[in-house]
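Peer 1: From the sequence below, what's the structure:
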Amino acid sequence: MRENLESIRENFISELTKIKMEKDLDNLRVKFLGKKGVLTGVLKNLRNFDIEIRKQIGQESNKLKSFIEETISSKKIEVKKKLIDEKLKSTDFDITLPKDEYDIGSLHPVTIVQKEIEKIFTGIGFMIADGPELETDYFNFEALNVPKHHPARDMQDTYWMEDNRVLRTQTSAVQGRTMKKIKPPLRIIAPGRCFRNEALDACHENTFFQLEGMVIDKDISISNLIYAMRLLLTKVFGRDDIKVRLRPGYFPFVEPGFELDLNCLICGGKGCPTCKYSGWTELLPCGMIHPNVLIHGGIDPEEYTGFAFGLGLTRLAMMKYGISDIRALNSGDLRILKQIGVR
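Peer 2: Residues are numbered from 1 along each chain as shown. The predicted structure is shown next:
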């Protein structure tokens, strides 16, 4: 029986050296390892021998089977490489030459909008501030007049870490950090990524981008806030007919607080999933900075006032480029860029 296995091995090696095509390798495998293959027949005949011989011959047969499979796999790679080399030698095509056409890369739509807004605000004297995405409870909540057990925390279903830090739910967390470092007068914007445990739909994502804005100086009023918001939207959309509305809104870190809504540019105000069929998209929560927030920042509210706003960069990109589903922006699908003409 061992002589048969050695003979099978020698026959396999002999036939393997003659093979030049990949299909012949498949035929060789079937010849030796197929249902009616040479080695398969040996394994079937083992039932005619006693148990000790079956164990020994079975082990040797399995080793031979593994050898044949591995050798055929290696030979396939060798054959493919040889065929490619022969094709390259028989053609004048130079694979080192560049393509005639290039796929030109592009910034993400949200990044484009962010850079546009940064240019607008730095042009009128604002600084760009930043803060960590993994934030402390203090800066994400308490410094914004949202103490522990405050009901406003329920509005932001959050991702907590074991060390009691949180993936920031809003770029407003940058406010407290900035006030600790810079004393008024100050004007800052703080773009960045935020996280909330949202139920995903056409206008909600668990990862999105905001841009926080804050102005603190003497005699700052709501009229300053409205002017800044109108200037921003007019510049971003490049048109003077942008329709907005200002309505009362509750945010613990501003008093009074407002919601600045944008007439939906996806449906023209008729109603669609993006605007929840209301014709308006919530875009700019804003208001006058609450005295408690100024106190947390080490600023005297009797001497200084200010306004703050939180702009949804992701939703602004949707309005600007006519993207009806927010989930498309995090999909990684490059066809989105081509569809909206960004390249």
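Peer 1: Show me the shaky parts of the chain.
Peer 2: 1-3, 46, 93, 95, 99-104, 152, 155, 340-343 (pLDDT under 70).
Peer 1: Could you measure from I220 over to K276?
Peer 2: Distance, I220 to K276, by CB to CB, to the nearest Å: 33 Å. Backbone N, C-alpha and C define where each C-beta goes, glycine included.
Peer 1: name the element E52 belongs to?
Peer 2: Using DSSP states H and E, E52 sits within helix 51-89.
Peer 1: Which parts of this structure are strands?
Peer 2: Assigned strands in the chain, in chain order: 127-128, 134-135, 166-167, 186-195, 207-217, 244-248, 254-263, 280-289, 305-312 (criterion: DSSP state E).
Peer 1: and those as JSON lines, adding mean neighbour count?
Peer 2: Converted to JSON lines, the strands of the chain look like this (neighbours: other CB atoms under 10 Å):
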{"stretch": "strand 127-128", "mean neighbour count": "12"}
{"stretch": "strand 134-135", "mean neighbour count": "18"}
{"stretch": "strand 166-167", "mean neighbour count": "20"}
{"stretch": "strand 186-195", "mean neighbour count": "21"}
{"stretch": "strand 207-217", "mean neighbour count": "21"}
{"stretch": "strand 244-248", "mean neighbour count": "12"}
{"stretch": "strand 254-263", "mean neighbour count": "20"}
{"stretch": "strand 280-289", "mean neighbour count": "22"}
{"stretch": "strand 305-312", "mean neighbour count": "24"}
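Peer 1: Which one, of the ones you listed, ends up nearest to G41?
Peer 2: G41 lies closest to strand 207-217 among the strands of the chain, at 60.3 Å (CB to CB).
Peer 1: Can you show me the CA trace of that closest one as PDB?
Peer 2: Extracted in PDB, the C-alpha atoms of strand 207-217 (Å, rounded to 0.1, in the frame of the first residue of the first chain):
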ATOM      1  CA  THR A 207     -22.700  61.200  13.900                       C
ATOM      2  CA  PHE A 208     -23.000  64.700  12.500                       C
ATOM      3  CA  PHE A 209     -21.200  68.000  12.300                       C
ATOM      4  CA  GLN A 210     -22.000  71.400  13.900                       C
ATOM      5  CA  LEU A 211     -20.400  74.800  14.100                       C
ATOM      6  CA  GLU A 212     -20.600  76.700  17.300                       C
ATOM      7  CA  GLY A 213     -20.400  80.500  17.300                       C
ATOM      8  CA  MET A 214     -20.000  82.800  20.200                       C
ATOM      9  CA  VAL A 215     -19.600  86.600  20.600                       C
ATOM     10  CA  ILE A 216     -18.900  88.200  24.000                       C
ATOM     11  CA  ASP A 217     -18.500  92.000  24.400                       C
END
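Peer 1: what's the offset of that strand from the middle of its chain?
Peer 2: Remark: strand 207-217 is offset 21 Å from the chain centroid, using CA atoms, centre = their mean, to the nearest Å.
Peer 1: rewinding a little: may I see the buried residues of the helix holding E52?
Peer 2: Judged by neighbour count (16 or more other CB atoms under 10 Å), helix 51-89 contains these buried residues: R54, I57, E60, S61, L64, K65, I68, T71, I72, K75, V79.
Peer 1: Dump those residues into CSV; add distance to C194 as well.
Peer 2: Converted to CSV, these look like this (distance: CB to CB, whole Å):
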residue, distance to C194
R54, 67
I57, 67
E60, 65
S61, 63
L64, 62
K65, 58
I68, 58
T71, 57
I72, 55
K75, 55
V79, 55
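Peer 1: So which residue is smack in the middle of this protein?
Peer 2: The centre of the chain sits closest to N330, judged by CA atoms, centre = their mean, with a distance of 4.8 Å.
Peer 1: Tell me which of the strands of the chain lies nearest to T91.
Peer 2: strand 207-217 (48.2 Å).
Peer 1: so what strands line up beside that closest one?
Peer 2: strand 186-195 (antiparallel), strand 305-312 (antiparallel) (DSSP bridges).
Peer 1: Tell me which of those sits nearest to L334.
Peer 2: strand 186-195 (20.5 Å).
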